[in-house]
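K.L.:
coordinates only, sequence not included:
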């Protein structure tokens, strides 16, 4: 009766105001931070932080504006990724990618199924690493050889379309459209925009790879696996009674999508940065080439040469550091309540490790803003870091040619930012030695 009387006294504007106020209170209660929660940017009601430019600010700006000194250091990232790695293995819910993956594959899978899929994939690809020696072609062809035992000619129209869709999807994944879809999936799925391009590209890539899987099933021999798909089919047969592990045809398709796209995009961008730094710093290029001549000479290189190629190891690791290829690592969620840097992290909290803070930390690097292979060399010019996965094909690329910018052109070290940071398109001149 009281509510009815109140309703009679309100006009439409007042009623609408009360509804909005009620929704605001509900949102504030739902998203109230627990005690001793890490500080962060103030979210907008309902919208959250989707329209803020927080993630695009420099590390120093974030440190000063949000007082996150304890969080943007190497130790904090190490705690999340290594020390408490088991606590932060899960991925948060992403409505856009859940539409595609449905909990399958490697990138957006969790729990027992993810662990078994990852263990199998890592084990098989490590065993198959020698396959890279059979190919001097583009990175995508190397990945393709590992996954489905096939390579393409560079002028193959379907192959070029596949690479274009893969690169476009990775770039758009880092855009605000992906964030908008995840924030308002019920609305965004009906609206046109780049987020629809992400979905359609992934679906077409999955369709292409599913055809590869079906072709493999027709002549699959469990005793003679030719590639990743054959090995996965064999593992599926072995685990047919272990349904929780998730080994099935659909999971195989999405695991292959993850490996093809992730391996192609990141490796290609790394090589593009390496060549760009070679051109911008000819003195460094000369040191790389001189070490190849000294250690290898005219014979074919082998993996045993790595131990004696200190400058090249340092150069490669500096290429992995300076371009800051993936500024923000893929998000993770806490599987249980925990503490981090003295702050309480409740179960389900989304964590994004800011790799930029590690790669440009002034306490860890002598000249963090400069491309300097010396960061990985000791006083005796010996390489000081963990062993890398340097490939002989890369050494051959650097030893057979010298690289220069086209006459009259000034190359830029600026990047184009999506999910990864790629160099701006550039041309180079390769002069045979």
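P.N.:
That came through fine. All figures in this text were calculated on a predicted structure; none of them were measured in a lab.

K.L.:
Could you give the number of residues near residue 372?
P.N.:
Neighbour count for residue 372, taken as other C-beta atoms under 10 Å: 18. Every residue, glycine included, has its C-beta placed from N, CA and C.

K.L.:
Who are the contact partners of it?
P.N.:
Residue 372 sits next to 318, 366 when contact means C-beta atoms under 8 Å, 6 or more residues apart in numbering.

K.L.:
The residue lying closest to residue 225 once chain neighbours are set aside: neighbouring residues, count only.
P.N.:
Spatial nearest neighbour of residue 225, excluding adjacent residues (C-beta to C-beta, 6 or more residues apart in numbering): residue 231 at 4.4 Å. Other residues near residue 231 number 19, with proximity taken as other C-beta under 10 Å.

K.L.:
what about residue 231, which helix or strand?
P.N.:
helix 228-238 (DSSP states H and E).

K.L.:
what angle do the helix or strand just after that helix and helix 228-238 make?
P.N.:
Going down the chain from helix 228-238, the next helix or strand is helix 249-280, by DSSP H and E. Interaxial angle of helix 249-280 relative to helix 228-238 (axes from the mean of the first three to the mean of the last three C-alpha atoms, to 10 degrees): 150 degrees.

K.L.:
what's the spacing between residue 198 and residue 337?
P.N.:
Remark: distance between residue 198 and residue 337 (C-beta to C-beta, to the nearest Å) = 33 Å.

K.L.:
Name the residue in these two with the higher neighbour count.
P.N.:
residue 198 (25 against 13).

K.L.:
for that one, what are its contacts?
P.N.:
By C-beta under 8 Å, 6+ apart, the neighbours of residue 198 are 96, 169, 172, 173, 177, 178.

K.L.:
How many residues are close by residue 248?
P.N.:
Residue 248 has 14 neighbouring residues, counting by other C-beta under 10 Å.

K.L.:
burial count for the closest residue to it other than its chain neighbours?
P.N.:
Using C-beta to C-beta, 6+ apart and skipping the chain neighbours, the partner closest in space to residue 248 is residue 236 (6.4 Å). Number of residues near residue 236 (other C-beta under 10 Å) recorded here: 17.

K.L.:
And residue 166, by the same measure?
P.N.:
So residue 166, with other C-beta under 10 Å, has 21 neighbours.

K.L.:
buried stuff in stretch 224-238?
P.N.:
225, 226, 227, 228, 229, 230, 231, 232, 233, 234, 235, 236 (16 or more other C-beta atoms under 10 Å).

K.L.:
and the first one, how far is that from residue 241?
P.N.:
Right, the one you point to is residue 225. 21 Å.

K.L.:
Repeat that for residue 97.
P.N.:
With distances taken as C-beta to C-beta, residue 97 is found 29 Å from residue 241.

K.L.:
quick one, which of those two is more surrounded?
P.N.:
Taking other C-beta under 10 Å, residue 97 and residue 241 do not tie; residue 97 has more neighbours (20 against 6).

K.L.:
contacting residues around the more buried one?
P.N.:
107, 108.

K.L.:
host element of it?
P.N.:
helix 95-101.

K.L.:
List the buried residues of that helix.
P.N.:
Within helix 95-101, the residues that count as buried by 16+ other C-beta under 10 Å are 96, 97, 100, 101.

K.L.:
what's the nearest residue to the last one if we skip its chain neighbours?
P.N.:
It refers to residue 101. residue 108 (4.4 Å).

K.L.:
Give me the neighbour count for the one you found.
P.N.:
When counting by other C-beta under 10 Å, one arrives at 21 neighbours for residue 108.

K.L.:
in this protein, what secondary structure element scores lowest on mean pLDDT?
P.N.:
Least confident element among the helices and strands of the chain, by mean pLDDT, DSSP states H and E: helix 392-400 (a mean of 42).

K.L.:
what's the closest of the buried residues of helix 95-101 to residue 304?
P.N.:
When the buried residues of helix 95-101 are compared for distance to residue 304 (C-beta to C-beta), residue 101 wins out at 40.3 Å.
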